[in-house]
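A.B. asks: take a look and give me a structure for this.
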Amino acid sequence: MLKAALLFILAGIAEIGGGYLIWQWLREGKTWYVGLCGGVILAVYGIIATFQVFSSFGRVYAAYGGVFIVLSIAWGWWIDKKTPDVYDIIGGLICLVGIAVILFPRSA
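C.D. replies: Model (predicted):
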């Protein structure tokens, strides 16, 4: 389960980081190669997800959706300096419960 958790976190950082760089390029006027780096990182995210130990694509991506939400809240807090409010925290906790319901009753 530790390997699965680490892969979820690594994939999340790659997806959010890649998307952030593309956002910086298109919305914040950064240079084109910032966007290109974002695109490459997003491709790497897609590769990382294939290393998951769970055999079902849909199940992996459903659980990953919850991880993505929680990591996005953390990214906003740490990178964009936007402190999560109580609703962000409650929503993130609900997502963590959803991940547990999807993954933990099953063996890898």
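A.B. asks: neighbours of I73, just the number please.
C.D. replies: I73 has 18 neighbours, counted by other C-beta atoms under 10 Å. Placement of C-beta: from N, CA and C, glycine included.
A.B. asks: could you check how far it is from A43?
C.D. replies: 24 Å (C-beta to C-beta, to the nearest Å).
A.B. asks: where does this protein have low pLDDT?
C.D. replies: Counting by pLDDT under 70, the low-confidence segments of the chain come to 106-108.
A.B. asks: all helices for it, in order.
C.D. replies: Using DSSP state H, the helices of the chain run over 2-27, 32-49, 57-78, 86-103.
A.B. asks: contacting residues around the second one?
C.D. replies: Outside of helix 32-49, the residues within contact range by C-beta atoms under 8 Å, 6 or more residues apart in numbering are 7, 10-11, 14-15, 17-26, 60-61, 64.
A.B. asks: buried sites along it?
C.D. replies: V34, G35, C37, G38, I41, L42, V44, Y45, I48, A49 (16 or more other C-beta atoms under 10 Å).
A.B. asks: can you show me the CA trace of that helix as PDB?
C.D. replies: Provided in PDB are the C-alpha atoms of helix 32-49 (Å, rounded to 0.1, in the frame of the first residue of the first chain):
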ATOM      1  CA  TRP A  32       6.300  29.400 -24.200                       C
ATOM      2  CA  TYR A  33       8.900  27.000 -22.800                       C
ATOM      3  CA  VAL A  34       7.300  27.100 -19.400                       C
ATOM      4  CA  GLY A  35       4.200  25.700 -21.100                       C
ATOM      5  CA  LEU A  36       6.200  23.200 -22.900                       C
ATOM      6  CA  CYS A  37       7.800  22.000 -19.700                       C
ATOM      7  CA  GLY A  38       4.200  21.700 -18.300                       C
ATOM      8  CA  GLY A  39       3.200  19.600 -21.200                       C
ATOM      9  CA  VAL A  40       6.100  17.200 -20.700                       C
ATOM     10  CA  ILE A  41       5.400  16.900 -17.000                       C
ATOM     11  CA  LEU A  42       1.800  16.100 -17.800                       C
ATOM     12  CA  ALA A  43       2.900  13.300 -20.100                       C
ATOM     13  CA  VAL A  44       5.200  12.000 -17.300                       C
ATOM     14  CA  TYR A  45       2.100  12.000 -15.000                       C
ATOM     15  CA  GLY A  46       0.300   9.700 -17.400                       C
ATOM     16  CA  ILE A  47       3.300   7.300 -17.300                       C
ATOM     17  CA  ILE A  48       3.600   7.400 -13.600                       C
ATOM     18  CA  ALA A  49       0.000   6.200 -13.200                       C
END
